[in-house]
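Peer 1: Prediction below, plus the sequence it came from.
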Amino acid sequence: MIGILTEGGEKGFAVPQLVEAAERRNIKIVLIPMRKLILGVSANFPATFENINLLDLDALIFRGFNLGSLEQVILRMDALHRLERLGMKVYNPPSAIEKASDKFYASALLEEAGLPTPRCFVTEDAFEALKVFKEIGDVVVKPLFGSQGKGITRATDIETASRIFNNLAFSNLVIYMQEFVPHGNRDIRAFTIGEEVVAAMYRVSDSWKTNVYQGAKPVACKLEAELEELSIKAAKVLGCEYAGVDILESPNGPTIIEVNSSATWKGLYQATKIPIADLLLDYILKKAKQ
C-alpha cells in the first residue's frame, strides 16, 4: 500500500496518473491531504489519517504543498522528517525537499559542488539589493519558495528594480535575484529518476519566461550525454530520488537554474508520451522492497 501526500486530494496531473499506474499494478493507493494528517508523540500513533497508521504503508510519495503560514510549512516538514526517522520511505526524502524548495540554498549547493549555475543574491534590504543590481544590470527576481513560474519578474533598469525591491521589502519578503542568462527563449527540462534521465523536453516560449504553465510550448528532445550527466549530478547534489532539472543553454555553456523535487510532468508527457508515472512508481516500489 502506497500513500500519496497531497495538498488537497486527487488534483492536478501527476497524482491521477500515479493512481492509474498503481491500479494497473493492483497496488492500493491512499491519498492523504496534508490538512487531514494527525501527528502524535506516541509509539502507537505517530502519524495517522482516517485510522490508518502511516507506518503501515510501504512508501509515501510527497507531491508538494501550496504556500501556507510559517507554522504550516514547519509542521509539514516536521511530519516528513518524523516519518522518515521512524523508518518510513519517503519520496523525495525530506532533506531533498528542503534543499530544492529553497532556491538560494539549492543554488548555493550546486555552486559548491562545482556545477554551473547563474550568479544569485539574496537580501532583505532594498537598498542593498540595488547595490547588487547595479553590478549585474539584468536580473530575474523570484520568490525564494515557489513553482510553475509564479511571481517571477525581470528587472533591466534601475527604476524597475527599485520598485520591485521596495515592494518586496515592504511586504517583509526577501529579495532573491538571479543573474539573467540569455537563452533564446527556451530551456530544457530533464526528468531524472534514480541514475537516469527518463524524459527531456525543450520549453519554447515567445518571451524569456519558459515555464509551460506560463505559456511555453513543450517539445521533445534527446539530451546529449553531457547534459544527461549534468542533470543526474544536480539531482544527486540535492539528494533527490527523482527531480525536474531546468537547464539553460547559455552562450557560455549549459547552466542549471533550478531543481524541482516535486516536479510534475504534464508538459513532458504531452511532448514525449513517455509513461513517467509508471516509471516513477516502479522505481519507488523497487526501492521500497530494499
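Peer 2: Everything's here; your move.
Peer 1: May I ask which helix or strand encompasses residue 164?
Peer 2: Secondary structure from DSSP states H and E places residue 164 in helix 158-170.
Peer 1: I'd like the next helix or strand past that helix.
Peer 2: Heading C-terminal from helix 158-170 (DSSP H and E), you reach strand 175-179.
Peer 1: list the helices and strands that following strand packs on?
Peer 2: Applying 3 or more CB pairs under 8 Å, 6 or more residues apart in numbering; DSSP states H and E, one finds that strand 175-179 contacts helix 103-112, strand 120-123, helix 126-136, strand 139-142, helix 158-170. Any C-beta I mention is one placed from the backbone N, CA and C, and that applies to glycine too.
Peer 1: residues touching residue 182, list them.
Peer 2: 250, 251 (CB atoms under 8 Å, 6 or more residues apart in numbering).
Peer 1: please renumber so the chain begins at 244
Peer 2: Sure, I'll start numbering at 244, so the last one becomes residue 425.
Peer 1: wait, is it part of a helix?
Peer 2: No. The assignment for residue 425, made by DSSP: H, G, I helix; E, B strand; the rest coil, is coil rather than a helix.
Peer 1: Farthest from the middle of the protein: give me that residue.
Peer 2: Distance from the C-alpha centroid of the chain peaks at residue 287, with 32.9 Å (CA atoms, centre = their mean).
Peer 1: picking that back up, for the helices and strands packed on strand 418-422, which one ends up most surrounded?
Peer 2: Greatest average neighbour count among the helices and strands packed on strand 418-422 goes to strand 382-385 (a mean of 22), per mean count of other CB atoms under 10 Å.
Peer 1: Name every strand pairing with it and say which way it goes.
Peer 2: The partner list of strand 382-385 in its sheet, established with DSSP bridges, is strand 396-398 (antiparallel), strand 418-422 (antiparallel).
Peer 1: And whichever helix or strand comes after the longest one, how far out from the chain middle?
Peer 2: Read that as strand 418-422. Using DSSP H and E, the helix or strand that follows strand 418-422 towards the C-terminus is strand 429-436. Centroid displacement of strand 429-436 relative to its chain, using CA atoms, centre = their mean, to the nearest Å, is 12 Å.
Peer 1: pull the CA atoms of strand 429-436 into PDB?
Peer 2: Included here for strand 429-436 are C-alpha records, laid out as PDB according to Å, rounded to 0.1, in the frame of the first residue of the first chain:
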ATOM      1  CA  ARG A 429      13.900  28.300 -24.500                       C
ATOM      2  CA  ASP A 430      15.300  26.000 -21.800                       C
ATOM      3  CA  ILE A 431      15.500  22.300 -21.100                       C
ATOM      4  CA  ARG A 432      13.500  20.300 -18.500                       C
ATOM      5  CA  ALA A 433      15.200  16.900 -17.800                       C
ATOM      6  CA  PHE A 434      13.300  14.500 -15.600                       C
ATOM      7  CA  THR A 435      15.500  12.200 -13.600                       C
ATOM      8  CA  ILE A 436      14.600   9.000 -11.800                       C
END
